[in-house]
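Asks: Just to be clear, the model below is a prediction. Sequence and coordinates:
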Amino acid sequence: MVLKQTLTVMESLESAYVTGEKVKELFSPHENVEVTVQTVTGEKGSTDFVKVVIPGSEGKSKGGNAPTVGIIGRLGGIGARPSRIGLVSDADGAVAAVASALKLADMQSKGDTLLGDVLVTTHICPDAPTLPHDPVDFMDSPVDILTMNKYEVLPEMEVILSIDTTKGNRVVNHKGIAISPTVKEGYILRVSDDLLRIMEMTTGQLPVTFPITTQDITPYGNELYHINSILQPAVATDSPVVGVAITAQSIVPGCGTGASHETDIADAVRFAVEVAKEATNGTCTFYSNDEFNRITDLYGSMKVLQTLGQKTTQQ
């Protein structure tokens, strides 16, 4: 049951006055959960970065060895005020991430503690700018992508789910959620069988994946087309990253309001929670280490794709 947490978070975030501190208050009943908020100001305004730590019984935070899972709610902003009133479609990633943390906190208070730590990060901005993009406009952000990665991609995260609304395109024509292939150190690896299994179980449907290109896993700022920012965390870590896209059959702009569907977000939350359970106890892997070692032995490092690359000049 994650719909309760999803609705609670949606109700909290759908406000012109919401802040990171308001999100922190949602976790006040859970004394074992650590929530920190940091306000960061950029050229286009400010946003509150939120970090939630749900400690595991054998997690690194307690001196244990269980794996640490990262869940990132990726977005430009939860609102585009004053030009748009209400929660924008782009907010779905933040809603899903915070709702995942709230569900894990509720589970822990009822005696269901995961083995490993789960770190959840996102940012809260109810008045972000918009950005022209084809085929529909993106939500922009008060801060740049490097700043987002600095506060959201943490070195403790050993595997990462990056949850993002991915509706402004013509390549994913499915209402619900879809996952990407695993991305690690500039390589697009095959889709994890464990994640497909968990997706089948949590949605009750056949698993859905979405295509990504080399451009999508390079940093913003290189003047290449990106489907969106869902895989930008992969440029800031050597840990494996999988995108969890909240999708639609139709093309929906990120700055569109009235376009957030509670049940679709809940599917992403349910998936993230189950992945966290299994990844922390060792029954879910994001990639084959042997296969990754083999591909790097054969073809070398692809870490250049995590950088802005080399600019050539005409002589």
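Replies: Received, thanks.

Asks: longest single helix anywhere in the chain?
Replies: Among the segments of the chain that qualify as a helix by DSSP state H, the longest is helix 262-281.

Asks: Buried residues in it, which are they?
Replies: 264-280 (16 or more other Cβ atoms under 10 Å). Backbone N, C-alpha and C define where each C-beta goes, glycine included.

Asks: Would you mind pulling up the elements that that helix packs against?
Replies: helix 3-13, strand 69-73, helix 92-109, strand 159-165, strand 176-179, helix 193-203, strand 241-247 (3 or more Cβ pairs under 8 Å, 6 or more residues apart in numbering; DSSP states H and E).

Asks: where along the stretch 1-150 of the chain do the helices fall?
Replies: Using DSSP state H, counting those that start in this stretch, the helices of the stretch 1-150 of the chain run over residues 3-13, 20-25, 92-109, 145-152.

Asks: May I see those organised as CSV, with mean neighbour count and mean pLDDT added?
Replies: Shown next, in CSV, are the helices of the stretch 1-150 of the chain (neighbours: other Cβ atoms under 10 Å; pLDDT from 0 to 100):
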stretch, mean neighbour count, mean pLDDT
helix 3-13, 19, 97
helix 20-25, 17, 97
helix 92-109, 27, 98
helix 145-152, 19, 96
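
Asks: Which stretch among those helices approaches residue 241 most closely?
Replies: Proximity to residue 241, assessed across these by Cβ to Cβ, is greatest for helix 145-152 (11.1 Å).

Asks: tell me which strands and helices the closest one is in contact with?
Replies: strand 34-42, strand 45-54, strand 118-124.

Asks: Can you give the strand pairings for the second one, parallel or anti for each?
Replies: When you say that, I think you mean strand 45-54. As defined by DSSP bridges, the strand partners of strand 45-54 come to strand 34-42 (antiparallel), strand 118-124 (antiparallel).

Asks: if you compare those, which one is most tucked away?
Replies: Neighbour counts (mean count of other Cβ atoms under 10 Å) averaged over each of the strands paired with strand 45-54 peak at strand 118-124, with a mean of 29.

Asks: Can you tell me how far residue 232 is from residue 47?
Replies: 15 Å (Cβ to Cβ, to the nearest Å).

Asks: ok so, going back, now the helices and strands packed on helix 145-152 in TSV, please, with extra columns for distance to residue 223 and mean pLDDT.
Replies: Formatted as TSV, the helices and strands packed on helix 145-152 follow (distance: least, Cβ to Cβ, whole Å; pLDDT from 0 to 100):
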stretch	distance to residue 223	mean pLDDT
strand 34-42	20	96
strand 45-54	24	97
strand 118-124	25	98
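
Asks: Select, out of those strands, the one closest to residue 15.
Replies: Of all these, it is strand 118-124 that lies closest to residue 15, at 10.3 Å by Cβ to Cβ.

Asks: tell me the angle the closest one makes with strand 159-165.
Replies: Following axes from the mean of the first three to the mean of the last three Cα atoms, to 10 degrees, one obtains 30 degrees for the angle between strand 118-124 and strand 159-165.

Asks: ok, back up a step: as a whole number, average confidence for the longest helix of the chain?
Replies: Taken as a whole, helix 262-281 has an average pLDDT of 98.

Asks: Contacts only, for residue 265.
Replies: With contact set as Cβ atoms under 8 Å, 6 or more residues apart in numbering, residue 265 has these partners: 6, 10, 92, 95, 96, 99, 246.

Asks: Out of the residues you listed, the closest to residue 107 would be?
Replies: Nearest member of the contacts of residue 265 to residue 107, counting by Cβ to Cβ, is residue 99, at 12.6 Å.
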